[in-house]
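Enquirer: below: sequence and its predicted model.
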Amino acid sequence: MRRPGSLLPLALVLAALPLAAQTAPTQSAADLLEEITSTEQLQAAGKAAQDVTSAAADVAVLTSRDLKALGYRTLGDALAGVQGFRLNEDRAYQDMGIRGLYILDDQNTRILVMLDGHVLNSPGDVGSSKVGEDFGLPLELVDHIEIVRGPASSLYGNNAFLALVNVVSKASAQTQRDTFEAAASAGSGGLLDSWASLRGKLGDTLVNFNVGGFQRQGTAISAPDLQAALVPAATDREDRKNLNLRVQNGALSLAGFYLDRTQRLALAPYQGMIGDTGNWYQNRRLGGELRWEPHQDRVDWTVRLYGDRAEFNGDYNQDPARGGGGLSTDRDPTRSLGAEVQARIFLSDKVTLTLGTEQQRHRFNGVSTSNGLQSVVQTDAVFRIGNTYAEAEWHPAPAWTFVAGLQDATWTPSTLRNTAGGVGTGLAQDSMHRDTPRLSAIWKPNAVDVVKVLYGQGFRFPTVYERYYNDGQSQEANPALSPEVITSTQAIWSHKWSPHLRTQVSATDLRWDNLIVSGTDEAMAEFQNATDRIRGRAYEAEATWRLRGFELYGGWGWYSWVQTGQTMPDVASQTAVLRAIQRSGEFSVALEGHYVSARENAATQTRVPGNVQMRASVRMDWPHAWGQLSVEDLADTRRQDLVGPEYTPVNSTTTDGRRFLATVGMRF
């Protein structure tokens, strides 16, 4: 039976439509079209600047004004305010569910996350992207966030599977005008956060540099499946330090970043000893990119050279009572180099062609130890990923746009080897290949309507961990894994009801093949491709109303994900978001609420209830300073989330509840 409150978010969104449409003053069709197409721009959908309504994708943009008004601390917090996204937290990472589904134990490997177009997903190990404290850049220094809901592999290749997120910094957008900015925050749980940003010019060269640090003392949590007493707060502690640099001179830019984050593991995964501060994860990331973007008469060029080093370290003091024993460790460094050349060719006023190729070389050297160093297994992998893509955009008439694209991607190994007990074993060097198409039709029959029909695919190559990891005891390699493939067909209608009210509705059909899951092979666990296809359906509605400094945004979605006739684990059949922002001069007050329906995992017979979480924020800006007070989980509802099998016998965790954050900043 439907719960009485489950349709409340949808009712709130729809209730404003007739009222706003009736009371709004008239406006000419030309003025309406100009307002629609000039308010929001993004580059992620087509690797070129486009307005939101013309992009051949289901897109959303979070502006700097919205990010500041809501007082978000992490990228994950901000994405949770976009319809179609939801948070799933296990006290180690913030992970994202997309269109109601979160694959338990996934670390955003099916979402491509970029900073100024530079991919942040780790190419080796688990292929994760980080959206929590391990993202790094303060959101105060973000110009906007570009979001593509749905696969985008026809241009971006691996990991652009369920969604694409591109964070555009103020340094990249050249909207950070102040010479110096700094801020400090303090909040519940012993949270301390600070950062400083310096911007200046050396001749014609623009230099941006920022540095930050964060620590949280942690929260004492309840884990009755492991022990009766509260788990000490010290086992939940985390800290981070980060820096970013960007130098730009005309069409040439150089960017670099560094991040180091350590998180204690309060829930003691992998048979860890509960209450032991020696259980921890560490994520380090170092990267840089040289970019050249010259503009010729009919060709826009982009040339990128980049390199990254990602390192994951983990220690687990194992509990004999949970079947473990001794110290287990992971040391997993990955190094990569890459280059991309892209040409956007304007063949005529009606036809634009985008051609590009990207080549990457990756090296992974992971070492796993267990039972107090009695067992040591090393995995060495050197491989190349190549992407070549072409996309054509055709405007046969003012009301019509057609887009067709195709990418050819390859994964080619040169070294694959496991070494255990001093004995090396070569692994099958099977290459992988994917072609991913994209077809779109956009119709603007008048100044207020936009209709999009979108077809596209996404793929995800198996990670080194999934395909080749072998610890010599509980898990073996499976080089025969195939790439995951998702096919999406979507119809979108957006309508401008008045100068103040805009809505969008969409219906999406998804087919997911070769899902990679953890299986069993005799006594050894290994990853396998599921033989049965997953079918997904999504129906979503959004509305935005702006009037005299007041903005109201609402979204609602209904989702279904089914495999072999059964609902997949951790599916929220409904999600909703409602956001209200009132601005008066330099003062703003904001309120945001998220609704996530109940989820369950039939394999562990675990169910978590539906939940509504709210955040509130008050901000005041002065010429050279600002102050902000924010409250997370305002009603103290403490959302529960399902967690992956590494936490067994713990099957779910609970967020911290109401938390306060105060921030002061200055600018000169």
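Expert: On my side now, so go ahead. These figures come from a predicted structure and were not determined experimentally.

Enquirer: below-threshold pLDDT in the stretch 551-668 of the chain: ranges please.
Expert: Within the stretch 551-668 of the chain, no stretch has pLDDT under 70.

Enquirer: can you give me the strands in it?
Expert: With strands called from DSSP state E, counting those that start in this stretch, the stretch 551-668 of the chain shows them at 566-567, 574-584, 587-596, 599-601, 606-608, 611-622, 625-632, 640-642, 652-654, 659-667.

Enquirer: quick check: can you name the pairing partners of the third one and their directions?
Expert: Read it as strand 587-596. The sheet places strand 587-596 alongside strand 574-584 (antiparallel), strand 611-622 (antiparallel), with pairing taken from DSSP bridges.

Enquirer: and the ones you listed: which comes nearest A160?
Expert: Nearest of those to A160, taken as CB to CB: strand 574-584 at 21.8 Å. For every residue, glycine as well, the C-beta is placed using N, CA and C.

Enquirer: tell me how far that closest one lies from the chain's centre.
Expert: 20 Å (CA atoms, centre = their mean, to the nearest Å).

Enquirer: ok, residues contacting it?
Expert: Strand 574-584 is touched from outside by 6, 9-10, 12-13, 65-66, 69-70, 80-84, 86, 100, 549-559, 588-597, with contacts defined as CB atoms under 8 Å, 6 or more residues apart in numbering.

Enquirer: for ChimeraX, write the select line for the buried members of these.
Expert: Here is the ChimeraX command that selects only those of the contacts of strand 574-584 that count as buried (16 or more other CB atoms under 10 Å):
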select :6,9,10,12,13,66,69,70,80,81,82,83,84,86,100,551,552,553,554,555,556,557,558,559,588,590,591,592,593,594,595,596,597
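
Enquirer: low-confidence regions, this protein specifically.
Expert: Applying pLDDT under 70 to the chain picks out residues 1-40, 46, 124-125, 176, 372-374, 471-474, 520-524.

Enquirer: mind listing the helices for it?
Expert: 8-23, 29-38, 64-70, 75-79, 153-156, 170-173, 464-468 (DSSP state H).

Enquirer: number of nearby residues for D297?
Expert: For D297, the count of nearby residues is 5 (other CB atoms under 10 Å).

Enquirer: likewise for V612?
Expert: 17.

Enquirer: ok, it - contacts?
Expert: 593-595, 635, 637.

Enquirer: again, only using 6 Å
Expert: Applying CB atoms under 6 Å, 6 or more residues apart in numbering, we find V612 in contact with 593, 595.

Enquirer: what sits opposite it in the beta ladder?
Expert: Beta-bridge partners, per DSSP bridges, of V612: Y595.

Enquirer: ok, now V377?
Expert: Where V377 sits in a bridge, its partners, by DSSP bridges, are S368, A420.

Enquirer: how far away is it from A477?
Expert: Computed as CB to CB, to the nearest Å, the V377 to A477 distance reads 10 Å.

Enquirer: common neighbours of the two, please.
Expert: Listed as contacting both V377 and A477 by CB under 6 Å, 6+ apart are N470.

Enquirer: could I get the strands of the stretch 551-668 of the chain as CSV with distance to V119?
Expert: What follows is the strands of the stretch 551-668 of the chain, written out as CSV (distance: least, CB to CB, whole Å):
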stretch, distance to V119
strand 566-567, 32
strand 574-584, 27
strand 587-596, 28
strand 599-601, 30
strand 606-608, 32
strand 611-622, 29
strand 625-632, 29
strand 640-642, 27
strand 652-654, 29
strand 659-667, 30
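
Enquirer: among those strands, which is nearest A182?
Expert: strand 659-667 (5.8 Å).

Enquirer: now that closest one - C-alpha only, PDB.
Expert: C-alpha atoms of strand 659-667 as PDB (Å, rounded to 0.1, in the frame of the first residue of the first chain):
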ATOM      1  CA  ARG A 659      24.700  19.300  12.500                       C
ATOM      2  CA  PHE A 660      25.600  23.000  12.600                       C
ATOM      3  CA  LEU A 661      28.300  24.800  10.600                       C
ATOM      4  CA  ALA A 662      29.400  28.500  10.900                       C
ATOM      5  CA  THR A 663      31.700  30.100   8.300                       C
ATOM      6  CA  VAL A 664      33.400  33.500   8.100                       C
ATOM      7  CA  GLY A 665      35.300  34.700   5.100                       C
ATOM      8  CA  MET A 666      37.100  37.700   3.800                       C
ATOM      9  CA  ARG A 667      38.100  39.100   0.400                       C
END
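
Enquirer: for that strand, buried residues please.
Expert: 659, 661, 663, 665, 667.

Enquirer: strands paired with that strand, and their directions?
Expert: strand 180-187 (antiparallel), strand 625-632 (antiparallel).

Enquirer: now render those strands as a markdown table, adding mean neighbour count and distance to L120.
Expert: A markdown table is the format used below for those (neighbours: other CB atoms under 10 Å; distance: least, CB to CB, whole Å):
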| stretch | mean neighbour count | distance to L120 |
| --- | --- | --- |
| strand 180-187 | 18 | 23 |
| strand 625-632 | 19 | 24 |
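
Enquirer: related to what we said a few turns ago, quick check: which of the strands of the stretch 551-668 of the chain is nearest to L164?
Expert: strand 574-584 (19.2 Å).

Enquirer: could the strands paired with strand 659-667 be laid out in TSV, adding distance to V451?
Expert: Formatted as TSV, the strands paired with strand 659-667 follow (distance: least, CB to CB, whole Å):
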stretch	distance to V451
strand 180-187	43
strand 625-632	38
